[in-house]
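Q: got a structure for you, letters missing:
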């Protein structure tokens, strides 16, 4: 079954690559790793064999690896950034006084046995030693033989790491007592694509990885329960509720360790967590994915974790229908980490708190299985795609699955975006994730403005076209590295609209949307026609929807297409009369149209009655006769 799944995923990836473009390419990796963890010292040692396939047209003379653990050392670039940024991540500093004015980096105070490190020795290419140089969180390797286009090479190395005290994502003994959160723990090949190498230093943001297959053996104290990426190959030797039905696993008393063997096909990362006190629940679904839940045997949280399991099934079922089918046979929700973070086939999340909070975190992190771990955009350069699109499907799913549907949750995102604009601290979405001046600016941009890219796309091309765009984007770009242009072109193909202006203004500038009703003539004086004057105040253009409400309770809509968009949206409210007016060109900031009101009197005129347009000054969008 798993072999068949692997072959089908590989074939699907191959076909999709050439369906997208004959010039598209992506590198490929096949990892084999064996690692042994000392749970007393938190030091682990391992060997790695990596078959690296160069599918580019370039001859590669160097390759680069990430050594993420080295960030967790006093004086590292991550430590310096934490000390210099105005609003450091609250998980990564210690308050020195009550008013928060004095803060101290937690990394700066790490002792030698608390730091993280990852060092590589004995590096060889095809059995011959190669020169490597460690530059903090990056390993630069000069190949002894250049790697030609279309060729593969075998890279082998030994590595030793120390698990840092839990500060950010990876680490040991976090505040909820989880022993080991092993994310970004191994020497990881950096991505090389059409833009070149992405050997970004680890400063605290997220990742970009090479698609491939992982074969990993982890040897650890037999009392620890593991969960993470991949399929366990030896469940009947391990037990801990992984074994097949009817199998009883009894370990010899003298045996001190277990070796857990995992395989993960077509992923771009490998993560695991371990604890002696994990409960491991397994939930089968009717859509082919087995869900694993690993959490601390803590009486205060067990009830919530049990209750969250069916909700997780419902969420995955919704994502399958809304985006596309999750292609793997398993997914694990694991208590660990320092908040919530997505990984291949699993997530590490904090497990305490209220049920709604737990489900909310699961909804978001599991949503990343579609927008990042199947649609693998570059999180460092385009964090708004994975974070924003995941936030959009998370909010949509929680709303649709809620028993009591209140206000559309996305409306709060519009308010958060406007608040950032008003602060004067907004930076373009095209800003590299490490280059934002403040963490808040990064968060609102990536999560909120990224979400609004999709919700506002509904305003531009309609709900049906938006949903078709999401599904087509998933089907055409899964197991690839899509870019912002790819989502834009997908929306154009689905709708027929021209949207380059939208991608540029929304993601590469801080241009804002601000339309106003500046004058209304003849609204109440018995004149048969009322003249309405509109103005584009902000730089960013949009098509405009105007709702007119009459004193007799009836409504009428007017739609003004945007000339540069070359598109007319389908009427979103077919039960209300709509008049399509002459298009509006960006070069003219003013627009005038007339309303025939011979049968009744106007009560109210509103720009964007749907609230889907991110107009930063909505108070000038309404004209009301009082």
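A: Looks like it arrived, so ask away. Here the structure is a predicted model, which means the values were calculated and not measured.

Q: Now for residue 314: which residues touch it?
A: Taking Cβ atoms under 8 Å, 6 or more residues apart in numbering, we find residue 314 in contact with residue 401. C-betas here are computed from N, CA, C, even on glycine.

Q: secondary structure element for it?
A: Using DSSP states H and E, residue 314 falls within helix 302-322.

Q: cool, residue 155 as well?
A: In the assignment (DSSP H and E), residue 155 maps to strand 152-162.

Q: same deal with residue 178?
A: For residue 178, there is no helix or strand it lies in under DSSP H and E.

Q: Relative to residue 578, how far out is it?
A: As for residue 178, its distance to residue 578 is 56 Å (criterion: Cβ to Cβ, to the nearest Å).

Q: Out of those two, name the residue with the larger neighbour count.
A: Using other Cβ atoms under 10 Å as the criterion, residue 178 and residue 578 rank with residue 178 on top: 27 against 17.

Q: so what's residue 260 up against?
A: When contacts are taken as Cβ under 8 Å, 6+ apart, residue 260 is in contact with 217, 218, 219, 220, 226, 232, 234, 238.

Q: gap between the helix holding residue 314 and the chain center?
A: Chain-centre distance of helix 302-322: 19 Å, with Cα atoms, centre = their mean, to the nearest Å.

Q: pLDDT score for the residue nearest to residue 242 when sequence neighbours are not counted?
A: Nearest non-adjacent residue to residue 242, counting by Cβ to Cβ, 6 or more residues apart in numbering: residue 235, 3.9 Å away. pLDDT, residue 235: 98.

Q: next one: residue 410
A: If you check residue 410, the pLDDT there is 89.

Q: what's the neighbour count on it?
A: Per other Cβ under 10 Å, the neighbour tally for residue 410 reads 21.

Q: Might one say that it is in contact with residue 455?
A: Yes. Judged on Cβ atoms under 8 Å, residue 410 makes contact with residue 455 at a distance of 5.1 Å.

Q: one step back: and the next helix or strand after the strand holding residue 155, what does it pack onto?
A: Downstream of strand 152-162, the next assigned helix or strand under DSSP H and E is strand 171-172. If you count contacts as 3 or more Cβ pairs under 8 Å, 6 or more residues apart in numbering; DSSP states H and E, strand 171-172 packs onto strand 180-182.

Q: neighbouring contacts of the strand it packs on?
A: Strand 180-182 is contacted from outside by 37, 39, 42, 163, 166, 169-172, 174, 224, 228, 271-275, 336-338, 348, using Cβ under 8 Å, 6+ apart.

Q: Looking at those residues, which are in helices?
A: Among these, none falls in helices (DSSP state H).

Q: Just the ones of these in strands?
A: With DSSP state E as the criterion, strands contain 37, 171, 172, 228, 272, 273, 274, 275, 348 from among those.

Q: end-to-end on stretch 586-606?
A: Start and end residues of stretch 586-606 are separated by 21 Å (Cα to Cα, to the nearest Å).

Q: what comes up buried for that stretch?
A: 591, 593, 595, 597, 602, 603, 604, 605, 606 (16 or more other Cβ atoms under 10 Å).

Q: In three-state terms, how would the spatially most central residue of the chain be classified?
A: Closest residue to the average C-alpha location of the chain: residue 386 at 3.0 Å, with Cα atoms, centre = their mean. Counting by DSSP: H, G, I helix; E, B strand; the rest coil, the backbone at residue 386 sits in helix.

Q: Report pLDDT for it.
A: Residue 386 is assigned 96 on the pLDDT scale.

Q: from what I can see it touches residue 368, true?
A: Yes. The pair residue 386 / residue 368 is scored as a contact, 6.4 Å apart, by Cβ under 8 Å.

Q: just to revisit the earlier point, can you add secondary structure, neighbour count and distance to residue 121 and give the contacts of residue 260 back as a markdown table?
A: As requested, those are exported to a markdown table (DSSP: H, G, I helix; E, B strand; the rest coil; neighbours: other Cβ atoms under 10 Å; distance: Cβ to Cβ, whole Å):
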| residue | secondary structure | neighbour count | distance to residue 121 |
| --- | --- | --- | --- |
| 217 | strand | 18 | 20 |
| 218 | strand | 23 | 20 |
| 219 | strand | 18 | 19 |
| 220 | strand | 23 | 22 |
| 226 | strand | 25 | 26 |
| 232 | strand | 20 | 30 |
| 234 | coil | 14 | 29 |
| 238 | helix | 20 | 30 |
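
Q: Out of those residues, which is nearest to residue 343?
A: Relative to residue 343, the closest of the contacts of residue 260 is residue 226; by Cβ to Cβ it sits at 13.6 Å.
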